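Participant: I would like the atomic coordinates for the input below:
(chains A and B)
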Amino acid sequence: MGCDRATTLTTDKGMGMERIEADVAVIGSGVGGMCAAALLAHGGYRTIVLEGLSFPGGRYSCIDYKGYRIATGGHMVNHGKDDPIVQTLVEVDAPVIEVKDFNVPIKYRIAGKDLELEGKGGLKRIVDAASRNEAETNAVMAAMYTAMRKQEPSDELSLKDWLHQVTDNTGIHNIFQCQAAAFTGVNAHDFPAGEFVRFLRTYGRLRGTVVPKGTGRAIIEAMGTAIEGKRGQVLTTTRASEILVQDGVAKGVIAERKGKKLHIEATVVISNVGPRKTIELAGRQNFEEGYLNRVAEDVKPSAAMDYIIVSDRPLLDSLLFTPEAQRTESWSPTSLFWPEEAPEGKHVIEGYAAPLSTEDYDPREEYEVFLQDLKQEFPMFEECGGRILLARQFCGDWPVNRCYQGYDPPQETPITFLYNVGDGVKPSGWVGASGAAMSGRWVAEEVKQRLRPTNGIR
Amino acid sequence: MSIDIDEAMCTGCGCCVLICPEGAVDDLPSFVARIDEDLCTECLECIDGCPNQALGVC
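Facilitator: This next block holds a predicted model:
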């Protein structure tokens, strides 16, 4: 379905290869690649998605484990109907996804009290609880007002250094650290101050978060249905091994599927595996020095430790930030939204902690610190029948994001018709899955402007 | 046949822990995957589910 009658090409090595012709080959079925693929398939482009893993969606998917539906990464839609993910689903007539509003309180635990961040003046209350005096609170709020409304701080300054201009109060710094790390896996000392403001502005002007039934996987599969409905294909367990380039122009992809090689001849190649991997697949010799240096310097994966905790009695009824914990930034009451995604009577929390130094840490030490945080923040843990279901790291090739917030290179590459999408090339101000989706939408629009679709005739 | 784990490639992402239908994989406390060979049926789901290509057949 969705591809030309297969023909066999003989390679130099005398091995047969199945050949597939397409307008667009997308490497990776994460949310950025799937947005681009769905929009292009909907626009009449013959589209094939190549996913190396056995399941689609990458870090915006889920796996069922011991009766629990566990997200493989993010599992929310940041901006509801304003989110580029939802806009894409609507534009491609994808099957409808059930969602719920993220309608639990957001709280900060400061000096032993859980303070709700709500409505006008919410942030001031939180800062005030950590503040030494009224003058300090007012100075921080004035700096925020200036940054958000009058003069955005420079990206040359980190969020930490920007805040340090106003206060050295660790308690206040940790409030901002929670915000920075919880959404991006980037610590405040690595987060460009201007980018932090742009991220807050995006959230401020758009609708609130919604939680899809079936996690991001439901969204990915809906996009897959839309792609297949337009004669496209999504192939899992199909790993790209080479991006073909000739005279500075993308020509297609070589992939492997169950021990056999596929040659996908495509006018456009969209890579959703991150700019570093794209260079490896296409060959360094095909990129000019400046681009190679930019990617090497700027594209670094962000990291976090992540823990799935289950209990027989509920431990949490809010999204809780704990700036006074040793390491753990946030605790999310996952099972409150879709209780049927856990065994009956069981409650699920996700604990999230960015290591102090993203590039130099020991996960075993981080885990020990987490256990201390868990004991401190949830003294009722054992009494409520709590246990750790899963402990994992997001890092390296399975990171929080493939690029630190604010350092993302453009989606375009020096190779004609080779693009990157995903959370390694997020547009400024957009985080996580929404940022990945925005990149996919941009590339789809760019392709539509530059190339006419085959519309099934080749 | 058995499943081999390249510890240098494994990042403790937990995908193999989740994907194994027999619950034969754990990654605590080292954050490197370990397979309980008594539970493993060699279905190879873990290999196809590893984003780091850290698992293989030996």
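
Participant: contacts and neighbour counts: CA atoms only from here.
Facilitator: Fine.

Participant: can you pull the contacts of the nearest residue to A:S357 once chain neighbours are set aside?
Facilitator: Leaving out its chain neighbours, the residue that sits closest to A:S357 by CA to CA, 6 or more residues apart in numbering or on different chains is A:N187, at 8.0 Å. By CA atoms under 8 Å, 6 or more residues apart in numbering or on different chains, the contact list for A:N187 reads A:177, A:180-181, A:354, A:356-358.

Participant: if you set the cut-off to 10 Å instead, what comes out?
Facilitator: A:158-160, A:176-181, A:302-303, A:354-358, A:404 (CA atoms under 10 Å, 6 or more residues apart in numbering or on different chains).

Participant: in helices, which of those fall?
Facilitator: Using DSSP state H, the subset of the contacts of A:N187 located in helices is A:159-160, A:176-181.

Participant: and of those, the nearest to chain B?
Facilitator: A:A181 (18.3 Å; CA to the nearest CA).

Participant: quick one: contacts for the closest one?
Facilitator: With CA under 10 Å, 6+ apart, A:A181 has these contacts: A:187-188, A:190-191, A:302-304, A:328-330, A:352-355, A:400.

Participant: which of the residues you listed are buried?
Facilitator: In the contacts of A:A181, burial by neighbour count holds for A:187-188, A:190-191, A:302-304, A:328-330, A:352-355, A:400, counting by 16 or more other CA atoms under 10 Å in any protein chain shown.

Participant: quick check, pLDDT for the residue lying closest to A:A433 once chain neighbours are set aside.
Facilitator: Of all residues not flanking A:A433 in the chain, A:V31 sits nearest, at 6.6 Å (CA to CA, 6+ apart). pLDDT recorded at A:V31 is 98.

Participant: also B:P29?
Facilitator: Reported pLDDT for B:P29: 88.

Participant: ok, it - contacts?
Facilitator: Going by CA under 10 Å, 6+ apart, B:P29 touches A:363-365, A:367-368, A:391, B:12.

Participant: just send the residues you listed back as a markdown table, with secondary structure and pLDDT too.
Facilitator: Shown next, in a markdown table, are those (DSSP: H, G, I helix; E, B strand; the rest coil; pLDDT from 0 to 100):
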| residue | secondary structure | pLDDT |
| --- | --- | --- |
| A:P363 | helix | 96 |
| A:R364 | helix | 96 |
| A:E365 | helix | 96 |
| A:Y367 | helix | 97 |
| A:E368 | helix | 97 |
| A:A391 | strand | 97 |
| B:G12 | coil | 97 |
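
Participant: quick check: the farthest pair among these?
Facilitator: A:E368 and B:G12 (15.4 Å; CA to CA).

Participant: the more surrounded of the two?
Facilitator: B:G12 (26 against 12; other CA atoms under 10 Å in any protein chain shown).

Participant: okay, now the domains of chain A?
Facilitator: A:7-65+A:81-96+A:214-299+A:407-450, A:117-205, A:304-394 (automatic domain parsing).

Participant: pick the most deeply packed of those.
Facilitator: domain A:7-65+A:81-96+A:214-299+A:407-450 (a mean of 22; mean count of other CA atoms under 10 Å in any protein chain shown).

Participant: in chain B, which ranges drop under the pLDDT threshold?
Facilitator: For chain B, no stretch has pLDDT under 70.

Participant: am I right that A:L89 is in contact with A:V96?
Facilitator: Yes. Assessed by CA atoms under 10 Å, A:L89 is found in contact with A:V96 at 8.0 Å.

Participant: hmm, back to that, need the domains of chain A in JSON lines (columns: distance to A:H75).
Facilitator: Listed next are these as JSON lines, based on distance: least, CA to CA, whole Å:
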{"stretch": "domain A:7-65+A:81-96+A:214-299+A:407-450", "distance to A:H75": "5"}
{"stretch": "domain A:117-205", "distance to A:H75": "12"}
{"stretch": "domain A:304-394", "distance to A:H75": "9"}
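
Participant: now for the contacts of A:A181: which two are most distant?
Facilitator: A:D190 and A:S330 (18.7 Å).

Participant: got the contact list for the residue in the stretch 151-300 of chain A that chain B sits nearest to?
Facilitator: Of all residues in the stretch 151-300 of chain A, the one sitting closest to chain B is A:T237 (6.6 Å; CA to the nearest CA). By CA under 10 Å, 6+ apart, A:T237 lies in contact with A:50-56, A:255-258, B:48-49.

Participant: okay, and the beta partners of A:K260?
Facilitator: According to DSSP bridges, the partner residues bridging A:K260 are A:R257.

Participant: tell me how far it lies from A:I27.
Facilitator: 17 Å (CA to CA, to the nearest Å).

Participant: tell me the residues of chain B that contact chain A?
Facilitator: Residues of chain B that fall close to chain A, judged by CA under 10 Å from any CA of the partner chain: B:9-23, B:26-32, B:45-53.

Participant: buried subset of those, written for ChimeraX?
Facilitator: To isolate the buried members of the residues of chain B next to chain A in ChimeraX, using 16+ other CA under 10 Å:
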select /B:10,11,12,13,14,15,16,17,18,19,20,21,22,23,26,27,28,31,32,46,47,48,49,50,51,52,53
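
Participant: so which of the residues of chain B next to chain A belong to strands?
Facilitator: Cross-referencing the residues of chain B next to chain A against strands under DSSP state E gives B:D26.

Participant: closest to B:C58 among the contacts of B:P29?
Facilitator: For the contacts of B:P29, the minimum distance to B:C58 (CA to CA) is 20.6 Å, reached by B:G12.

Participant: thinking the closest one is in contact with A:P399, fair?
Facilitator: No. Applying CA under 10 Å, one finds B:G12 not in contact with A:P399, separated by 11.1 Å.

Participant: where do the contact lists of these two overlap?
Facilitator: Common neighbours of B:G12 and A:P399 (CA under 10 Å, 6+ apart) are A:Q393.

Participant: quick check: closest non-adjacent residue to the residue nearest to the spatial centre of chain A.
Facilitator: With distances taken as CA atoms, centre = their mean, the residue of chain A nearest its centroid is A:G432 (3.2 Å). Nearest non-adjacent residue to A:G432, counting by CA to CA, 6+ apart: A:D423, 6.2 Å away.

Participant: list the contacts for the one you found?
Facilitator: By CA under 10 Å, 6+ apart, the neighbours of A:D423 are A:30-32, A:272-275, A:301, A:399-405, A:408, A:430-440.

Participant: ok, now with 6 Å
Facilitator: Taking CA atoms under 6 Å, 6 or more residues apart in numbering or on different chains as the criterion, A:D423 is in contact with A:401-402, A:436.

Participant: just those residues: which are in helices?
Facilitator: Counting by DSSP H, the part of the contacts of A:D423 found in helices is A:A436.

Participant: quick check, nearest of the contacts of A:D423 to A:L281?
Facilitator: Once CA to CA is applied, the member of the contacts of A:D423 that ends up nearest A:L281 is A:R402, at 16.3 Å.

Participant: residues contacting B:R34?
Facilitator: B:25-27.

Participant: and A:G119, what pLDDT?
Facilitator: 73.

Participant: which SS class is it?
Facilitator: coil (DSSP: H, G, I helix; E, B strand; the rest coil).

Participant: give me the low-pLDDT residue ranges for the stretch 51-200 of chain A?
Facilitator: For the stretch 51-200 of chain A, no range has pLDDT under 70.

Participant: can you give me the strands in it?
Facilitator: A:62-65, A:68-71, A:99-101, A:106-110, A:113-116 (DSSP state E, counting those that start in this stretch).

Participant: what's the distance between the last one and the middle of its chain?
Facilitator: Think strand A:113-116. Relative to the centre of its chain, strand A:113-116 is centred 28 Å away, using CA atoms, centre = their mean, to the nearest Å.
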